[in-house]
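**Student:** please find the sequence and the predicted model below.
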Amino acid sequence: MTGRDLIAVYGRFGLIIAAFAFIAVIIAAPILPKSRTSAVVASKPHYDLDLHLPITPASFKRD
């Protein structure tokens, strides 16, 4: 086999593999999201409303 023949054979083989992969994606795309749980989870933001005054060494003054 010459170089051109090898390129033609490998090119055809690559196109066949690509076609099968393309068809598999088209078939699997609608099936896969139904078989698993949703990955998107919505939640409310959590804000901590604790009002603590900062304690510093200056606040420990003795009379």
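**Tutor:** It's in.

**Student:** in the protein, where is pLDDT below threshold?
**Tutor:** 34-42, 45-63 (pLDDT under 70).

**Student:** so where do the helices sit in it?
**Tutor:** Assigned helices in the chain, in chain order: 3-35 (criterion: DSSP state H).

**Student:** contacting residues around D5?
**Tutor:** By CB atoms under 8 Å, 6 or more residues apart in numbering, D5 lies in contact with nothing. For every residue, glycine as well, the C-beta is placed using N, CA and C.

**Student:** how much space between it and G11?
**Tutor:** Noted for D5: a distance of 11 Å to G11, by CB to CB, to the nearest Å.

**Student:** then T2?
**Tutor:** Between T2 and G11 the distance, using CB to CB, works out to 14 Å.

**Student:** and if you look at A18?
**Tutor:** 10 Å.

**Student:** quick check: buried residues in stretch 9-23?
**Tutor:** Residues of stretch 9-23 classed as buried: none (neighbour count, 16 or more other CB atoms under 10 Å).
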